[in-house]
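Peer 1: sequence isn't available, so here's the structure alone:
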C-alpha cells in the first residue's frame, strides 16, 4: 500500500501538466488503496475505424465503476480475425460466455460426443481428438491458476458420415460446419452447445481446431471464455497443404517433430513431408539393411526406429496430418552407402566424398547412386520395402530425384562402360534409374493400392525430357525453382499434377548466412517474410490457371536444416508458414483487410503457442 500511495502521489503531480489521462490512472490507484481490491488499469475495446468491419482491439484506460474487458475476450468479440486460417464463412453475434475447464473435465463429464455411422477406426480417432481438445482447454490456464467452477454445462456433438481414416488426395473431404450456441439458463445452469458436422474425421478435427480458436483464457475473469451464437463453414481450396522438414542435415528429435505437427494441426496443414535421408546422414533404421544407419547416422542415438515412426504416424493422424516419407535418390546419397565394396557388393555410390563438390554435387558430402551396379538396386529395393511397411503403405511416396550431376557419374569407369555397352545417353541412364525405382515401389503396392509418387523438378522434368521419360499418371512434380520458371507452365500444359514449393517464396531457410562457399547470405536470399509468403497465390501467379488450375494440388513450405536444429525449428517455421496455410485454405486473392502482422498473434500464434509447445518467432511487440 505504501508503494501504491507513492505512485498515486506521483501521478497526481502529473496534473500540473494537464495530463487528464494520468489523473484517471491516479484515481484508479487510489480506489485500489481504499477498496483493498485490485482493479485492472487497462481495458480493451474493438475499434473498427481503421480496419473497417474486421475491427482491431485497442488498449485504453479503464474508468471507475465501468466494466473492463481483457484482450483475449476483446479479440473474440472483435471482427473475424480471431480464426486462422480464415474460413469460407464465419457468422458471429460476438456474444461470449465464461466457463471453466472443470465444467468439461470433471468426473461427471458434461462433454458428450455422438457419432453418426462411424466404424471402429473413425470412432477411435474422433474419441482421441476430443480428448486432445479437452486437454488443450486445461492447458490454457496459466501456471498457478486453477479452474473455478461456473455451473456451465458444455456439450459437444461431433458427427461424421465417412469414418475412413485414410486420406486420399482429391477424394477425402475436409469440409465441416461448426455451430456454437448458448441455450440459455434454467435458473441454475447455463448450457453451451457446440455441434460439428463433417463428412470425414479430417473435417471434424478441423472443426475441433476452429472451436478451440473460439475459446480463450480471460486473465480478468480467471476462466475460459467462448464465443456463442456463431457459425463457421469451411473447406480448404487446395487438398495438399504441407511443411517439409529435413532431418538429415541436422538431426531433429521426435519431440521436436511432434511440435511441428502441433503447429500444423493448429493451422489446418495436412501433410508433413519428411525428408529423412540425404548425403549428410541416413538416420532411418532399415531392419533389412542395418548397415545404412551403421554407416550413415551421425551417432547411434541420432536415429529413427520403427517405433519412433509408428509413434509419429499415430500422433500426426490424430491431428489431421499425413506423413509423406522421402528417400532421396539417386543424388544426395553419400552417408549410409559407403559399405558396398567391403561387403563384396561393389561400389554403390559414384564420386563419394570427392573434394571438388561444386563441380560434382550441389553440396558436400558428394555422392550419387551407381545405376550400373545391380547390387545397389537390391539394397534400394529393400529400403523401399521397409519404408513402405513402416509408414503403413502411404498414399504418397516422395522419391527425391533432383540435382543430378552428370559429371559425378562420369568419374566412374564402371558407369562409363555401362552407358557405352547399352548405347545410353546419361539422360537415358537417369531415366532408367527412375523407371526401375518406380517399378520397385509400385510392385510393393500392387494394383489394389495405387500410390502417387512425388519427385522434385530437375533436368528430367524440363520440356522434351518430361514427355520422353515421365508418365503424368505416375508422378506428382514438386516445384522448387522460382514461380516464374517456364518449367511450371510446361508441366501444367502436359497435365502433370504439381505441388508448389517455389524457393522465391516458400523456402524458410533463405536469408541467412551461407554455410558453404564465400561469405555472405545463402543462395536463395533474401529472407521470405510472411507477406511474401501470403502473396504467393497460385491463382494470380500461374499463367494458365483458368484451364489448368485443377492440377495444382497445393503448396508446401520447406525448411532445410543445414543451419537449423531443435532449438531453431519452430522459430524458422512459425508464424510464416501460417501465412501459407491461410493462402492455401482460403480463396482470397488479396490480403484481407485486417490481416496485418498485428493480427497474426491472435490466431494460433499468441497464447496458443505456449500450451502446445509450438514456439514461433514474434511478429510484433507484446501487447
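Peer 2: Structure's in. What do you need? Not measured: the values here are computed from a predicted model.
Peer 1: which secondary structure elements does the helix or strand where residue 407 lies contact?
Peer 2: Assignment of secondary structure by DSSP states H and E places residue 407 within helix 406-410. Helices and strands touching helix 406-410, by 3 or more C-beta pairs under 8 Å, 6 or more residues apart in numbering; DSSP states H and E, are helix 357-360, helix 413-421, helix 426-445. Every C-beta, even on glycine, is put in place using the N, C-alpha and C of the backbone.
Peer 1: report all helices and strands that whatever helix or strand comes next after the shortest one contacts.
Peer 2: Note on helix 357-360: by DSSP H and E, the next helix or strand toward the C-terminus is strand 368-369. Other helices and strands packing on strand 368-369, by 3+ C-beta pairs under 8 Å, 6+ apart, are strand 349-350.
Peer 1: and the strand it packs on, what's its mean pLDDT?
Peer 2: For strand 349-350, mean pLDDT is 98.
Peer 1: contacting residues around it?
Peer 2: Residues from elsewhere that reach strand 349-350 (C-beta atoms under 8 Å, 6 or more residues apart in numbering): 333-334, 337-338, 340, 367-370, 408-409, 411-412, 415.
Peer 1: just among those, which is most surrounded?
Peer 2: Counting neighbours by other C-beta atoms under 10 Å, residue 368 leads the contacts of strand 349-350 with 31 neighbours.
Peer 1: contacts only, for the residue lying closest to that one once chain neighbours are set aside.
Peer 2: Closest residue in space to residue 368, ignoring its immediate chain neighbours: residue 408 at 4.4 Å, by C-beta to C-beta, 6 or more residues apart in numbering. Residues near residue 408 by C-beta under 8 Å, 6+ apart: 331, 350-351, 354, 360-361, 366, 368.
Peer 1: please apply the same query to residue 459.
Peer 2: 404, 427, 465.
Peer 1: make a markdown table from the residues you listed and add neighbour count and distance to residue 177 to it.
Peer 2: Conversion of these to a markdown table gives the following (neighbours: other C-beta atoms under 10 Å; distance: C-beta to C-beta, whole Å):
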| residue | neighbour count | distance to residue 177 |
| --- | --- | --- |
| 404 | 26 | 48 |
| 427 | 16 | 51 |
| 465 | 15 | 47 |
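Peer 1: which of the helices and strands packed on helix 406-410 has the lowest mean pLDDT?
Peer 2: Among the helices and strands packed on helix 406-410, helix 357-360 carries the lowest mean pLDDT (a mean of 86).
Peer 1: in that helix, what's buried?
Peer 2: By neighbour count on 16 or more other C-beta atoms under 10 Å, the buried set for helix 357-360 is 357, 360.
Peer 1: low-confidence ranges in the chain?
Peer 2: For the chain, the stretches with pLDDT under 70 are 1-39, 50-54, 103-120, 187, 447-448, 587-623.
Peer 1: how about the helices and strands packed on helix 406-410, which one is nearest residue 49?
Peer 2: Closest approach to residue 49 among these is made by helix 357-360 (56.7 Å; C-beta to C-beta).
Peer 1: how close does residue 433 sit to residue 370?
Peer 2: Using C-beta to C-beta, to the nearest Å, we find residue 433 at a distance of 10 Å from residue 370.
Peer 1: with residue 57 instead?
Peer 2: Taking C-beta to C-beta, one finds residue 57 at 62 Å from residue 370.
Peer 1: can you check residue 496 too?
Peer 2: With C-beta to C-beta as the criterion, residue 496 and residue 370 are 29 Å apart.
Peer 1: again with residue 458
Peer 2: Taking C-beta to C-beta, one finds residue 458 at 18 Å from residue 370.
Peer 1: now residue 549
Peer 2: 41 Å.
Peer 1: so residue 583 makes contact with residue 533?
Peer 2: Yes - with contacts counted by C-beta atoms under 8 Å, residue 583 reaches residue 533, the gap being 7.4 Å.
Peer 1: neighbour count for those two, which is higher?
Peer 2: Taking neighbours as other C-beta under 10 Å, residue 583 and residue 533 compare with residue 583 leading, 26 against 22.
Peer 1: can you confirm that one is in a helix?
Peer 2: Yes - using DSSP: H, G, I helix; E, B strand; the rest coil, the assignment for residue 583 is a helix.
Peer 1: tell me which element residue 206 falls in.
Peer 2: helix 201-213.
Peer 1: check which helices and strands that helix is in contact with.
Peer 2: helix 120-139, strand 153-162, strand 176-185, strand 190-200, strand 223-234, helix 254-266.
Peer 1: make JSON lines from the ones you listed and add mean neighbour count and distance to residue 274 to it.
Peer 2: Shown next, in JSON lines, are those (neighbours: other C-beta atoms under 10 Å; distance: least, C-beta to C-beta, whole Å):
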{"stretch": "helix 120-139", "mean neighbour count": "17", "distance to residue 274": "21"}
{"stretch": "strand 153-162", "mean neighbour count": "20", "distance to residue 274": "27"}
{"stretch": "strand 176-185", "mean neighbour count": "18", "distance to residue 274": "27"}
{"stretch": "strand 190-200", "mean neighbour count": "21", "distance to residue 274": "23"}
{"stretch": "strand 223-234", "mean neighbour count": "21", "distance to residue 274": "27"}
{"stretch": "helix 254-266", "mean neighbour count": "22", "distance to residue 274": "8"}
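Peer 1: let's have those in TSV, adding distance to residue 375.
Peer 2: Shown next, in TSV, are the helices and strands packed on helix 201-213 (distance: least, C-beta to C-beta, whole Å):
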stretch	distance to residue 375
helix 120-139	41
strand 153-162	45
strand 176-185	51
strand 190-200	44
strand 223-234	52
helix 254-266	33
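Peer 1: any idea which of those gets closest to residue 208?
Peer 2: Comparison of these against residue 208 by C-beta to C-beta identifies helix 120-139 as nearest, at 4.9 Å.
Peer 1: contact partners for the closest residue to residue 214 other than its chain neighbours?
Peer 2: Once flanking residues are discounted, residue 214 sits nearest to residue 227: 4.4 Å by C-beta to C-beta, 6+ apart. Neighbour list for residue 227: 76-77, 82, 92, 94-96, 180, 214-215 [criterion: C-beta under 8 Å, 6+ apart].
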